[in-house]
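Novice: Sequence and predicted structure below; questions after.
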Amino acid sequence: MRGEHRQAGYTLIEVLIVTVVLAIVVGIALSSVTNALDKAKQRATMADMRTISKAIEVYQTDHGFVPDDSGGLALLREVLIPYQSSVVPVDDHWGHAYGYSSEAAAGNYTLESYGKDGLDGDDITLATRRDFNRDIVLANGQFLAAPE
């Protein structure tokens, strides 16, 4: 039985199959991790919006009107510092500035996060809660467009 000596090891096909399976598993895991991170950013953004809203409401109680929107969030931040125990956030957790508008005479205000893409677009709903590019809208202390 000459020439029938077989070497131990893996064939190229076996190595390729294992590599492909590992790539698929890593792809699925990365997708899940990315989705979880975006969901966490969405929740943290909503918490920050509630914080800003509470500070606006305290300001409104003291002054009888909501802060003007002419200076944007930078000026709003300066106005709200005495009414907030911590730093007033001006950017959402994707790094985009919040939108703020107000009707000071009517006492109405709106805060908006433009989502992951940072562009003003469609509002988020329960059905589209996994589309992180959609806008989250809070008006007068209530979420009008939110993922929950």
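Specialist: Received the coordinates, thanks. Residues are numbered from 1 along each chain as shown.
Novice: How far off centre is the lengthiest helix in the chain?
Specialist: With DSSP state H applied, the helix covering the greatest number of residues in the chain is identified as helix 12-63. Helix 12-63 sits 8 Å away from the centroid of its parent chain (C-alpha atoms, centre = their mean, to the nearest Å).
Novice: That one - contacts with which helices or strands?
Specialist: helix 72-80, strand 108-113, strand 136-139 (3 or more C-beta pairs under 8 Å, 6 or more residues apart in numbering; DSSP states H and E). Backbone N, C-alpha and C define where each C-beta goes, glycine included.
Novice: need the ones you listed in TSV with mean pLDDT, can you?
Specialist: Output for the helices and strands packed on helix 12-63, formatted as TSV (pLDDT from 0 to 100):
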stretch	mean pLDDT
helix 72-80	84
strand 108-113	93
strand 136-139	93
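Novice: so which of those comes closest to residue 57?
Specialist: Nearest to residue 57 among those is strand 108-113 (9.1 Å), distances taken as C-beta to C-beta.
Novice: Parallel or antiparallel, which strands does the closest one pair with?
Specialist: Take DSSP bridges as the rule and strand 108-113 pairs in its sheet with strand 99-103 (antiparallel), strand 136-139 (antiparallel).
Novice: Could you export the last one as PDB, CA atoms only?
Specialist: Spelled out, it's strand 136-139. What follows is strand 136-139, C-alpha atoms only, in PDB (Å, rounded to 0.1, in the frame of the first residue of the first chain):
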ATOM      1  CA  ILE A 136     -39.500  62.900  16.500                       C
ATOM      2  CA  VAL A 137     -41.800  65.800  17.400                       C
ATOM      3  CA  LEU A 138     -42.700  67.100  20.800                       C
ATOM      4  CA  ALA A 139     -45.200  70.000  21.100                       C
END
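Novice: residue contacts, the closest residue in space to residue 122 that isn't next to it in sequence?
Specialist: Computed as C-beta to C-beta, 6 or more residues apart in numbering, the closest residue to residue 122 that is not its neighbour in sequence is residue 134, at 5.4 Å. When the contact criterion is C-beta atoms under 8 Å, 6 or more residues apart in numbering, the partners of residue 134 are 115, 121, 122, 123, 124, 125, 128, 145.
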